[in-house]
Each structure stands twice: as C-alpha cells, then as structure tokens.
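Peer 1: Structure for the following, please:
(2 chains)
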Amino acid sequence: MKPFSFNEILKEWSAERILELYSKITEEDILTALNKENLFIKDLIALLSPSAQPHLEKIAQKAHKITRQHFGRTISIYAPLYLSNHCTSDCIYCFFSPRSGIKEKRVTLTFNEIEEECKSLSSKGIQTVLLLTGDAPKIANLEYLAKATHLAKKYFHSVSLEVYAMEESGYATLVEHGAEGITLYMETYDKETYDKVHLFGKKKDYFFRLHALERAGRAGVRKLTCGVLLGLSDWHCDVIWLALHAKYLQKVCWQSTIALSFPRLKHTPPRFQLPNPVSLNELVQIIVAMRLFLPYSPFNLSTREPAEVRDHLIPLGITSMSAGSSTRPGGYSVYKTSSDEGEKPVLMQFEIDDTRTVDEVVEAIKRRNYDPVWVDFDPGSLIETK
Amino acid sequence: MDLSNDSNPLIIAGRRFKSRLMIGTGKFPSPEALKLAIDASETEIVTVAIRRVDLKNPEKDSILSVLDPKKLLILPNTSGAKTAEEALKIAKIARAMGLEPWIKLEITPEPNYLLPDPIETLRAAEMLIKEGFVVLPYIQADPILAKKLEEIGTATVMPLGAPIGSNKGLKTKEMIKIIIEQANVPVVVDAGLGAPSHAAEAMEMGADAVLVNTAISDAQDHGLMAKAFKLATEAGRLAYLAGLGPQRDFAEASSPLTGFLFKH
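Peer 2: The predicted structure follows:
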C-alpha cells in the first residue's frame, strides 16, 4: 500500500486533536512514555506536556543514555557558509527579507569569493559545510548552486545545502554535483501562521515547501534535515507535526538519514515581535523528548544559542554543532571586516549568540569528555556523477 | 589447558591471531580512551570506518594516530556504504592510504538500524575478491548467505548477534549455531554484544571470534571493560575447547521408568 502523503497525515492530526490529547495527559501517561522503547505520538505528547516538566531530569537521563548508545560520546562539527543574502520572498521574521527594513549590503558571492571562503573555513579544520542562500531562485540559481557545491567538495568531505525549496530534478542535480544533505525548515507547520508570516514570494506556497524534503529524498539526497522555527507559533503543536514529518520521511525516504534542528528564533527585525517565545526549559524539554521519540536521528544545534546553553545541551541529545559561524556572505574572509570606510556592511541573516572560535568550541566539547568529529561523510558522495 | 595450546588457532586468510576479540574504534570519547581499550583488550584486529578518516590529511587523523600497525591489523570498514559500488570505492581508498588490502564489508542502506543488505553484500564481495581484497563481510545471521559468501571466497563471515549498538546480545542465536555448524571459514559474531557474558556465550557456542565496539566505548572505564571482554572471550573459548556438557531440558531421573526393560 502506498503511504499517505504527508498532507493527509497532517489533516489527521489537527491542532484541536493534539491539544485535546495534551489536556488529558496524566502522570501515568508520562511514566509509561518514559519506560517505552518505541514511542507513539501520544507518548511524545505526554513527554512534551507541561505536566512532564517535573520529570525533566528523568527524561534527560534517558535521552543522554540513548544518544550515547547510538552516537557515542561524539559531536560532529560543521560550519555554515552563506553564499548570498539576496532574497525575493518576504518572510516577516527574517533579516534577509527585502522589506526587513535593514539597509545593509546585498551580495551573491562569485566563485572566486566562494573559494576564498572555503579556504578560510578549511584552514580552521572544518570538514563539513552547509551552503546557504536566501530565497532567490533567479539570483542564486540551480546552476550556481551546483557549481558552488562542486567547488566546496574540493575543500570539504561533506557538503550540504540550505536553500529555497525546489523540484525533484533540482535536488537530483545537486546530488550529481556531490551534495550530501538538504536542510529545509518548514518554519511552521501551522498553515494559518505560515500564511501570516510569509507575505509574498515563492516561499508563500505552503504545500510546495511541505513536500520539498520528500522530493529531495526521492532525488537521492542522503541526509534530510527538518525543523521548525521555534517561536513562530505554539510549539506544542508544531513539534508534534515536526515529529510526524520526521517519521513520515523515515518511511518514504528509508535510505536517507532524517536529522533535526532546533532553531530558537530570538532576534527578529524591528517590524516583527516574536509571538511565542520558547524558554530554555521548554527547549530542553523539546530536545530530550524528541530524542526518546527519534533515537537514531542526528540532532543539530547552531550558534543561535549562547555558548553556555550549547555546552549544557551537549549531553542531552545533540550530535552535531556548528562552530565559528558567520551568517554573513563572505563573513569568513571576503567581507570579514565591515568592509571599507563609508561602505555599508554586508547584511547577515541573524545575530549569532555563540561567538567562540572553532578551536574554543572544540575545547569546550573535549572538556565535557566528548570527542569532536570533523569527518563523517557519506560514501555516496564519493561517487560524483557530474 | 590454556589458549596457547589451542589446537585450532584463529587463522584468517592465512594469518594467525592469538586474540579472538576484535575491537571497533567508533564512538569513543577521545583517542586516548580508545588507546586504553585497545591496550587492555590485547586485541590484534581493530576496525576503522574510512568515512570518519580525514582523507585529505590521513597522517593527522586522530583515530589512526593511536593505532600501531606493527602490533595491530588495521581493518578498514566500509561503514556508511549503501551500494556495492560505494563499498568498492572505500576499499580502494583504504588500500591507497597504505592499509593492508583487507576490508570489513558493511553495506547498510538503512541509516537507523544499520542492518546489512544481503544482495549488495554478496555483489560487493565478488567485486572486492576480484580486486584482490581479503573480505570479511558483516551479514545478517543467515546461514545460506554465509555459505554463498564462503563459496565465492570471503575470508570470514560476520553475522550479527543483534542490531549494531543495541547491546541486546545473541538474539540470532539459533541461526548463528547453524552458521557455525556449517562454516568452513571463521565465524565472527559482530554487533549487538553488550556485555562480556554475551561474548562468552558466543565463544562457548563455537564462534571463532567476536567483535565489540559500543559496549566498550560506552563504558565508564574503557580499559576495565576491554579487559572484561578479553577475559570473557578467552573463557568462552576455553569452555568450548573443554567441551561443554549439552544443556538438558529434563533432569535424568535416578530411578529410570524404563530401567526394567534391560534387566533380563
């Protein structure tokens, strides 16, 4: 039998149904969930419910144990590499939006500039890189991304991309050029909120984005990373939808690794005030509960979180961390300093909160008795077809 | 009797080994912890995931740097490969790095339980043997597949006891017994052994060797746990050589019910 499309599953799990389940969670439900090996959605709801907060330590202990069992005491190191900050979609929460009100400089790196950036990053020991752009398919087009991927493969063992949603053929082209992973956050699965925060542009098409990771998987992308922007809508529902999406992707793209990120939105442009800020307690609850639900999924944590928070989260289920990051195109070398006098600085996507160098992050990981993993590539990416 | 008089020592592809405990090098908290485990285990074969090796600077690689190729056979593995072609590519990279042409063949298309793909494994084994590699394939505990691999010339078969990293022990025991009974090549029980008692159990059954990773890398004291596995592996081997009494489902009655039949 052909599995349902993910949209069918979302329809089955309406916000009303999920909130109803939340309202009925008992102490016993939480303890049952804690003792299970394979969790149902209802168990996840139990672990994410406000009444599970007093059990957070127990959930965290189990998350730690499961993560250690499957990943060992290791943390993979990666860095983002922004290729472009041009954007032709208007997402109200993002600094890259053409109407964010920020007047800083827009650039799309040339191939020579990309190479400069690669050299700078790889000289710091980075071997795994995530290439990013805004949502501007005509400026940073497929040909450009394919060429950038191919170029980055010269410097790094593993190259993934976080770019606009594309057709299956587009993803196939990126795979042919050596792309190993695609990161694409739904931002929010709540359609009403999605419509409200995406004002215009191609990204406004909710369903095209909803099915994008599945298309990437069908095109042979080996690692699919999903996530929601925590803070946009009520996370109690969004995280459940994210979990359903991850499980769905595991079934339909069974050869791909399904990874998760937990980006907590904190800095927003002046025109937008964060409607549903997520506390640190809640972030921890989300990460550890999701670890119990998805024991084998890599979990990423970016430099959106401050150093101290990141260090504490290492043993709680995180398996991969970015380090020494810049969210500005050219931020490692080409436009490292705020450019020449009188010239506008190059726009960054958001302010990072962990400003330590790669070496400092690695030292912090070692101090917690974890081994930083620089290289962990997918052998499939060795077989480049283009 | 001690193991130095083992009438049937472990020989893989013509090479003789004293230790019957192989160690996986993944998931340790530091290269130092790994080194401690290797030393305490007295292992002679360690397996290394090539996908974790810094191919651009192999001489600076943190895992390879603690492995002494004079004392140990460094057995590269194809972990992460999803097809025969990918496995072949990794094997060639490992050989080009100067490692011996031995390869632990792992083809795991599904990333969560990392179960081996029998079809691709058989195909890859053929390709690798043709290329001159000594092939040690990681397989499901499937006696027919084990025979087919042996027939095409693999140096061992390495059936799993339970899914990798699960620490669940010999869940596939009945099938492994058949593999051991029928094999003409060494049988190495790989994956799932979560406690020294599991390793001892496999050796008591007549497995030729065991491979352990998670149970050691996840221990509080890596050296102690490695030593515990060494002793358990040896104890299991000694028990096998000594000839374990068969397990009996019924107690033998001291006054047999049919004894009268033989009295006349």
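
Peer 1: make it CA atoms for all contacts and neighbour counts henceforth
Peer 2: Noted.

Peer 1: quick one: contacts of the helix or strand that contains B:Val188?
Peer 2: Secondary structure from DSSP states H and E places B:Val188 in strand B:188-190. For strand B:188-190, contacts defined as Cα atoms under 8 Å, 6 or more residues apart in numbering or on different chains pick out B:138, B:156-161, B:202, B:207-212.

Peer 1: Buried residues of the helix or strand following that strand, list them for me.
Peer 2: As assigned by DSSP H and E, the chain's next helix or strand after strand B:188-190 is helix B:196-204. By neighbour count with 16 or more other Cα atoms under 10 Å in any protein chain shown, helix B:196-204 contains the buried residues B:Pro196, B:Ser197, B:His198, B:Ala199, B:Ala200, B:Glu201, B:Ala202, B:Met203, B:Glu204.

Peer 1: Just flag the most distant two among the residues you listed.
Peer 2: B:Pro196 and B:Glu204 (12.2 Å; Cα to Cα).

Peer 1: Now the buried residues of helix B:196-204 in TSV, please, with extra columns for distance to A:Leu313 and pLDDT.
Peer 2: What follows is these, written out as TSV (distance: Cα to Cα, whole Å; pLDDT from 0 to 100):
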residue	distance to A:Leu313	pLDDT
B:Pro196	32	97
B:Ser197	34	97
B:His198	33	96
B:Ala199	34	96
B:Ala200	37	96
B:Glu201	38	96
B:Ala202	38	96
B:Met203	40	96
B:Glu204	43	94
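
Peer 1: Would you format the residues you listed as CSV with distance to A:Ile25 included?
Peer 2: Listed next are these as CSV, based on distance: Cα to Cα, whole Å:
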residue, distance to A:Ile25
B:Pro196, 41
B:Ser197, 41
B:His198, 40
B:Ala199, 43
B:Ala200, 45
B:Glu201, 44
B:Ala202, 44
B:Met203, 48
B:Glu204, 49
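
Peer 1: Which one of the residues you listed is nearest to A:Ile258?
Peer 2: For those, the nearest to A:Ile258 is B:His198 (31.5 Å; Cα to Cα).

Peer 1: about what we covered before: mind checking how far the strand holding B:Val188 is from the chain centre?
Peer 2: Per Cα atoms, centre = their mean, to the nearest Å, the displacement of strand B:188-190 from the mean C-alpha position of its chain is 3 Å.

Peer 1: so where's the chain shaky on pLDDT?
Peer 2: All of this refers to chain A. A:1-3, A:338-342, A:383-386 (pLDDT under 70).

Peer 1: Chain B was what I was after
Peer 2: In chain B, residues with pLDDT under 70: B:1-7, B:245-255, B:259, B:262-264.

Peer 1: Check which residues of stretch A:313-320 are buried.
Peer 2: Applying 16+ other Cα under 10 Å to stretch A:313-320 flags A:Leu313, A:Ile314, A:Pro315, A:Leu316, A:Gly317, A:Ile318, A:Thr319, A:Ser320 as buried.

Peer 1: Out of those, list just those in strands.
Peer 2: A:Ser320 (DSSP state E).

Peer 1: Need the buried residues of stretch A:313-320 in JSON lines (columns: distance to chain B).
Peer 2: Putting the buried residues of stretch A:313-320 into JSON lines (distance: Cα to the nearest Cα, whole Å) gives the following:
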{"residue": "A:Leu313", "distance to chain B": "16"}
{"residue": "A:Ile314", "distance to chain B": "13"}
{"residue": "A:Pro315", "distance to chain B": "12"}
{"residue": "A:Leu316", "distance to chain B": "15"}
{"residue": "A:Gly317", "distance to chain B": "14"}
{"residue": "A:Ile318", "distance to chain B": "14"}
{"residue": "A:Thr319", "distance to chain B": "11"}
{"residue": "A:Ser320", "distance to chain B": "14"}
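
Peer 1: Identify, from the buried residues of stretch A:313-320, the entry nearest to A:Leu213.
Peer 2: Closest to A:Leu213, out of all of the buried residues of stretch A:313-320 and judged by Cα to Cα, is A:Ser320, at 19.9 Å.

Peer 1: Touching, the closest one and A:Phe71? I think so.
Peer 2: No. Contact between A:Ser320 and A:Phe71 fails when scored by Cα atoms under 8 Å: they sit 10.3 Å apart.

Peer 1: which residues of the stretch 101-250 of chain A fall in helices?
Peer 2: A:111-123, A:142-153, A:168-176, A:191-197, A:206-210, A:212-218, A:235-252 (DSSP state H, counting those that start in this stretch).

Peer 1: hang on, I meant the stretch 101-250 of chain B
Peer 2: B:118-130, B:143-152, B:173-182, B:196-204, B:214-217, B:222-242.

Peer 1: Chain A: which of those is closest?
Peer 2: Counting by Cα to the nearest Cα, chain A lies closest to helix B:214-217 out of the helices of the stretch 101-250 of chain B; the figure is 6.9 Å.

Peer 1: Looking at the stretch 101-250 of chain B, which residue is nearest chain A?
Peer 2: B:Glu110 (4.8 Å).

Peer 1: got the contact list for that residue?
Peer 2: A:Trp254, A:Gln255, A:Ser256, B:Lys82.

Peer 1: With A:Glu214 as the reference, measure out to it.
Peer 2: Between B:Glu110 and A:Glu214 the distance is 16 Å, computed by Cα to Cα, to the nearest Å.

Peer 1: now swap in A:Val288 and tell me
Peer 2: On the measure of Cα to Cα, A:Val288 and A:Glu214 end up 25 Å apart.

Peer 1: repeat for A:Glu28
Peer 2: In terms of Cα to Cα, A:Glu28 sits 36 Å off from A:Glu214.

Peer 1: Spell out which parts of the stretch 101-250 of chain B neighbour chain A.
Peer 2: Applying Cα under 8 Å from any Cα of the partner chain, we find that the stretch 101-250 of chain B lies next to chain A at B:Pro109, B:Glu110, B:Pro111, B:Asn112, B:Gly165, B:Ser166, B:Thr214, B:Ser217, B:Asp218.

Peer 1: Just give me the neighbour total for the fifth one.
Peer 2: I take that to be B:Gly165. Around B:Gly165 sit 22 other residues, with neighbours defined as other Cα atoms under 10 Å in any protein chain shown.

Peer 1: got the contact list for it?
Peer 2: A:Gln69, A:His70, B:Ala191, B:Gly192, B:Gly194, B:Asn213, B:Thr214, B:Ala215.

Peer 1: tell me which of these is nearest to A:Glu57?
Peer 2: A:Gln69 (18.3 Å).

Peer 1: For whichever residue of the stretch 1-150 of chain B sits closest to chain A, grab the count of nearby residues.
Peer 2: Closest to chain A within the stretch 1-150 of chain B is B:Lys27: 4.0 Å, counting by Cα to the nearest Cα. Per other Cα under 10 Å, the neighbour tally for B:Lys27 reads 24.

Peer 1: Could you do A:Cys87 as well?
Peer 2: Quick note: A:Cys87 (other Cα under 10 Å) scores 23 neighbours.

Peer 1: likewise the one 10 residues further on?
Peer 2: Look at A:Ser97: counted by other Cα under 10 Å, it has 24 neighbours.

Peer 1: Flag every buried residue along stretch B:23-30.
Peer 2: B:Ile23, B:Gly24, B:Thr25, B:Gly26, B:Lys27, B:Phe28, B:Pro29, B:Ser30.

Peer 1: Strands of the stretch 1-150 of chain A, residue ranges please.
Peer 2: A:74-82, A:90-91, A:128-132 (DSSP state E, counting those that start in this stretch).

Peer 1: residues contacting the residue in the stretch 201-350 of chain A positioned nearest to chain B?
Peer 2: Residue of the stretch 201-350 of chain A nearest chain B, by Cα to the nearest Cα: A:Gln255 (4.8 Å). Taking Cα under 8 Å, 6+ apart, we find A:Gln255 in contact with A:Arg222, B:Pro109, B:Glu110, B:Pro111.

Peer 1: Which ones among those lie within strands?
Peer 2: Among the contacts of A:Gln255, no member lies in strands (by DSSP E).

Peer 1: The residue nearest to B:Gly24 when sequence neighbours are not counted: what's it in contact with?
Peer 2: Excluding its sequence neighbours, the residue lying closest to B:Gly24 (Cα to Cα, 6 or more residues apart in numbering or on different chains) is B:Asn213, at 4.5 Å. Shown in contact with B:Asn213 (Cα under 8 Å, 6+ apart): B:Ile23, B:Gly24, B:Thr25, B:Gly26, B:Gly165, B:Ala191.
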